[in-house]
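**Student:** Quick one: sequence and predicted model below, then my questions.
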Amino acid sequence: MDEQGYVFTPTTLLLLIPIVIVAMAYSGILNDLTMVSSMAIGGDVTSTTALNVFSAMEKGTSDAGRTAAFSATKKVIDDREFFSKTYINAYGESASKEYVHNRVLYTMNDYVVQSCKDLEAQTGREIYLNNESVNNQTSQLIYYDDITITQENPYSFYINIRGGIPIRVTQKDQTYEGVTPPIKVPVSIQGLEDPYIWINTQYVNSNLIFSYPEYREGSSNKYSFDSIINKNGASSRIQFLWDCLNGTSNPSSIGSRPYYFPDEHGLSYFDRLENRTNDTSTADSTARLSSFIIGDPLFNYHNTSYVSHLDHEYLTYPYYIPSGGVTDIKIKDRGTSYSMLDPSGYIFYISNNYRIYFQLETEYN
């Protein structure tokens, strides 16, 4: 009988027992769920910490690469370091590439070590990278063999960090253990000074590396230099070629600084640091670029103005004389032919080989 005077029959009591059991079991499930949730949240933080380490490696590599490229350029201009050196190390790297490799290694390690220590402080986790604890007063987590530098396009090089570097993140009974993925970071050289131009024009010409905007890879006329012909007497010109010579919209705003364009016969960024020629270049053809020289800064050296103004031809003359000779481009206006002038007022000359390569005519009507 209950407190209201009702009597529970045996059948009614049997119906109530499962309810009591379920209630007791549900209470246990709630406790278990609370514990599981805590473990899931903790595990999530642990795995997220590992992902943040990967992100720090990528960010540190990008910053280190640009810093190293700027430093290498300055070393050539200020100290002539690497210039005209033929040194190749045990990794097949030239002098300037070895320098960039070492600078990247130092700067990136500094960034990654500090980032990992910050992550430890924020999350309460312990981080091990390359089997080294971040707390062991270490200054190096990535090593020389972990990094390679490649060039695959004219306006950047790539820093590659090998995959498979061991990583472990721990807290009490929670552990993330795995390996890093391969990391490939592009490093832009746009906006950097070209020491090849600076030194070889005897400190007269300065040029920053910016890409020619009208270049169209895969087009039947990918340079498009003669797409617009402006006829105006002595000021007659092929507009896109003249724009390339002038460096229109060049962010430096310091006079005319010609654009750079992809050129399989040109020189790569590392070639330019080392004063190589297209015959001694160590770069793949897809990583090479060229520019033009405006004016005639080496007239006294050449003893003639009749020199191709493509940069690596102009700067190696008279040691290199283009086969097929050199010509200027003429534009007819009202029956009179005018030689095209560059932005500094000098006649623009080009080797016949490159005139054909750029799909230019000797004379435009």
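**Tutor:** Arrived safely. Numbering: from 1, shown residues only.
**Student:** can you give me the helices for the stretch 251-365 of the chain?
**Tutor:** Chain-ordered helices for the stretch 251-365 of the chain, with DSSP state H, counting those that start in this stretch as the definition, fall at 269-273, 299-302, 311-314, 352-357.
**Student:** Equivalent analysis for the stretch 101-250 of the chain, please.
**Tutor:** With helices called from DSSP H, counting those that start in this stretch, the stretch 101-250 of the chain shows them at 195-200, 239-246.
**Student:** can those go into TSV with extra columns for distance to Gly124, mean pLDDT and mean neighbour count?
**Tutor:** Just so you know, the C-beta spots here come from the backbone N, C-alpha and C atoms, and that holds for glycine as well. Supplementary listing: the helices of the stretch 101-250 of the chain in TSV, determined by distance: least, Cβ to Cβ, whole Å; pLDDT from 0 to 100; neighbours: other Cβ atoms under 10 Å:
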stretch	distance to Gly124	mean pLDDT	mean neighbour count
helix 195-200	48	94	22
helix 239-246	57	95	22
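**Student:** Redo those helices as JSON lines? Include distance to Arg103.
**Tutor:** Output for the helices of the stretch 101-250 of the chain, formatted as JSON lines (distance: least, Cβ to Cβ, whole Å):
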{"stretch": "helix 195-200", "distance to Arg103": "16"}
{"stretch": "helix 239-246", "distance to Arg103": "32"}
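**Student:** of the ones you listed, which approaches Val307 most closely?
**Tutor:** Evaluated with Cβ to Cβ, these place helix 195-200 nearest to Val307, the distance being 13.0 Å.
**Student:** What helices and strands are in contact with that closest one?
**Tutor:** helix 10-79, helix 269-273 (3 or more Cβ pairs under 8 Å, 6 or more residues apart in numbering; DSSP states H and E).
**Student:** Provide a list of residue ranges in the protein with pLDDT below threshold.
**Tutor:** Judged by pLDDT under 70, the chain has its weakly predicted residues at 1-44, 137, 248-255.
**Student:** send the alpha carbons of stretch 300-313 over as PDB?
**Tutor:** Backbone C-alpha positions of stretch 300-313 (Å, rounded to 0.1, in the frame of the first residue of the first chain) are rendered in PDB as follows:
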ATOM      1  CA  ASN A 300      82.300  53.800 -73.300                       C
ATOM      2  CA  TYR A 301      82.800  50.100 -72.600                       C
ATOM      3  CA  HIS A 302      81.100  48.900 -75.900                       C
ATOM      4  CA  ASN A 303      82.500  51.800 -78.000                       C
ATOM      5  CA  THR A 304      79.200  51.600 -79.900                       C
ATOM      6  CA  SER A 305      75.500  52.100 -79.400                       C
ATOM      7  CA  TYR A 306      74.800  49.300 -81.800                       C
ATOM      8  CA  VAL A 307      74.200  46.700 -79.100                       C
ATOM      9  CA  SER A 308      71.200  44.500 -78.200                       C
ATOM     10  CA  HIS A 309      69.400  46.000 -75.200                       C
ATOM     11  CA  LEU A 310      68.100  42.700 -74.000                       C
ATOM     12  CA  ASP A 311      69.800  42.600 -70.500                       C
ATOM     13  CA  HIS A 312      72.000  39.500 -70.700                       C
ATOM     14  CA  GLU A 313      73.100  40.200 -74.300                       C
END
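**Student:** For the residue nearest the centre of the chain, which non-adjacent residue is spatially closest?
**Tutor:** With distances taken as Cα atoms, centre = their mean, Val187 lies nearest the centre of the chain, 1.8 Å away. With Cβ to Cβ, 6 or more residues apart in numbering as the measure, Gly65 is the residue that lies nearest to Val187, at 3.4 Å, once sequence neighbours are left out.
**Student:** Just to check, the one you found is in contact with Ile189?
**Tutor:** No. Applying Cβ atoms under 8 Å, one finds Gly65 not in contact with Ile189, separated by 9.9 Å.
**Student:** what residues are shared contacts of those two?
**Tutor:** Overlap between the neighbourhoods of Gly65 and Ile189 consists of Phe157, taking contacts as Cβ atoms under 8 Å, 6 or more residues apart in numbering.
**Student:** hang on, isn't Tyr269 packed against Ile189?
**Tutor:** Yes. Judged on Cβ under 8 Å, Tyr269 makes contact with Ile189 at a distance of 4.9 Å.
**Student:** quick one: which of these two has more around it?
**Tutor:** In this view Tyr269 and Ile189 are compared by other Cβ atoms under 10 Å, and Tyr269 has more residues nearby, 28 against 24.
**Student:** which residues does the more buried one contact?
**Tutor:** Ala69, Gln151, Pro154, Phe157, Ile189, Ile209, Ala287, Leu289.
**Student:** Can you tell me the number of residues neighbouring the fourth one?
**Tutor:** If I follow you right, that is Phe157. Applying other Cβ under 10 Å, we find 25 other residues in the vicinity of Phe157.
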